[in-house]
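Visitor: below is the sequence, then the predicted model.
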Amino acid sequence: MPPARRALESAAAPLAGATAGLFAALSAARRKRVFHPDGTAFEGSVTFGVNRDLPFHGIERALVRLSRGIGLPEKAPDILGLAIKLPDLDHDFLFATSGEGALTRHLLVPAGGYFRRPYSSVLPYEVNGKLVVFGARADAFLAGAPDGELEDLEALVERGRVRFDLTWGPAGRGEIATLGSLELRTTYDGDLAFNPFNTYGAVRPAGALNRLRRESYGASQRARPDTEHVATAST
């Protein structure tokens, strides 16, 4: 690890406990997720392309949650979320509406519908010594489809019409490439808890902000009554 990155992560360590305590208190008070409290879950599959730099390949069962980040009324723009669990790999992708530029892929950007903006992991991952960002964007044929409310998504999924391209690229300047595709097939009624630190192979969250994030996720989920008996990696 470069000395500058090591110094930043060391500086973040004292804040981790305070951050965890804050998120635990907020989750307990709200009695559900601090962020992305309102959402709908689906079942589908991810088909990965061939890529020698990443450990993903073939077709994997996927459990997916689309959600509103702040919980504003559905007619208002919000930070929208797309969370993907690959149960057989014990890997979770957590994305939020963002941009695809060198800067904007690291920013949260509100959207008025689930198909109108690209999604990004925002914070970087380390893969074989390189910092990368994962993301997703709705298939082009969904342009103009009703996507402002969760009920709209459920209707489209039941008609077999919801598909996203999964992407990845450098954390900074560089070309965004296709990782694979996500297809939603039906609604899912089981309990879901996502954690960005459930990762497969050599893919690891990186950086000082992810250090804070690790503590806050665990504390938040332990404090929520809706996940009292749900492990972070379980379905």
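Guide: Structure's in. What do you need?
Visitor: let me see the ranges of the helices in this protein.
Guide: Using DSSP state H, the helices of the chain run over 3-30, 150-158, 208-223.
Visitor: lowest average pLDDT across these?
Guide: Ranked by mean pLDDT, the helices of the chain bottom out at helix 3-30, which scores a mean of 39.
Visitor: centre-most residue in the chain?
Guide: Leu94 (1.1 Å; CA atoms, centre = their mean).
Visitor: from Gly207, how far out is that one?
Guide: Using CB to CB, to the nearest Å, Leu94 is found at 15 Å from Gly207. Backbone N, C-alpha and C define where each C-beta goes, glycine included.
Visitor: by mean pLDDT, which helix or strand of this structure comes out lowest?
Guide: Counting by mean pLDDT, DSSP states H and E, the chain has its least confident helix or strand at helix 3-30, which shows a mean of 39.
Visitor: quick check, Leu184 in contact with Val162.
Guide: Yes: look at Leu184 against Val162 with CB atoms under 8 Å: they come within range, at 4.3 Å.
Visitor: okay, now Ser98: neighbour count?
Guide: 23 (other CB atoms under 10 Å).
Visitor: check contacts around the nearest residue to it once chain neighbours are set aside.
Guide: Spatially, and ignoring its direct neighbours in sequence, Ser98 is nearest to Ser120 (3.6 Å; CB to CB, 6 or more residues apart in numbering). If you count contacts by CB atoms under 8 Å, 6 or more residues apart in numbering, Ser120 has them with Phe95, Ala96, Ser98, Gly99, Glu100, Arg105, His106, Val133, Phe134, Gly135.
Visitor: who are the contact partners of the first one?
Guide: In other words, Phe95. Per CB under 8 Å, 6+ apart, neighbours of Phe95: Gly81, Leu82, Ala83, Ile84, Tyr119, Ser120, Ser121, Phe134, Gly135, Ala136.
Visitor: how far away is the fifth one from Ala208?
Guide: The reference is to Tyr119. For Tyr119, the distance to Ala208 (CB to CB) stands at 23 Å.
Visitor: ranges for the strands of this protein?
Guide: Along the chain, counting by DSSP state E, strands occupy 38-48, 58-68, 80-86, 91-97, 119-120, 125-127, 130-138, 163-170, 177-187, 204-205.
Visitor: looking at these, which is closest to Leu150?
Guide: Across the strands of the chain, Leu150 has its closest neighbour in strand 38-48 (4.5 Å, CB to CB).
Visitor: okay, the angle between that closest one and strand 58-68?
Guide: Counting by axes from the mean of the first three to the mean of the last three CA atoms, to 10 degrees, strand 38-48 points 160 degrees away from the direction of strand 58-68.
Visitor: each with direction, which strands does strand 38-48 pair with?
Guide: The pairing partners recorded for strand 38-48 under DSSP bridges are strand 58-68 (antiparallel), strand 177-187 (antiparallel).
Visitor: okay if I get the strands of the chain as TSV plus distance to Leu212 and mean pLDDT?
Guide: Shown next, in TSV, are the strands of the chain (distance: least, CB to CB, whole Å; pLDDT from 0 to 100):
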stretch	distance to Leu212	mean pLDDT
strand 38-48	23	95
strand 58-68	21	96
strand 80-86	19	97
strand 91-97	15	97
strand 119-120	18	96
strand 125-127	16	95
strand 130-138	17	96
strand 163-170	23	96
strand 177-187	26	96
strand 204-205	11	94
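Visitor: ranking these by burial, who's on top?
Guide: Comparing the strands of the chain by mean neighbour count (mean count of other CB atoms under 10 Å), strand 119-120 comes out on top with a mean of 28.
Visitor: so which of the contacts of Phe95 comes closest to Trp168?
Guide: Of all the contacts of Phe95, the one sitting nearest Trp168 is Phe134; the distance, using CB to CB, is 4.9 Å.
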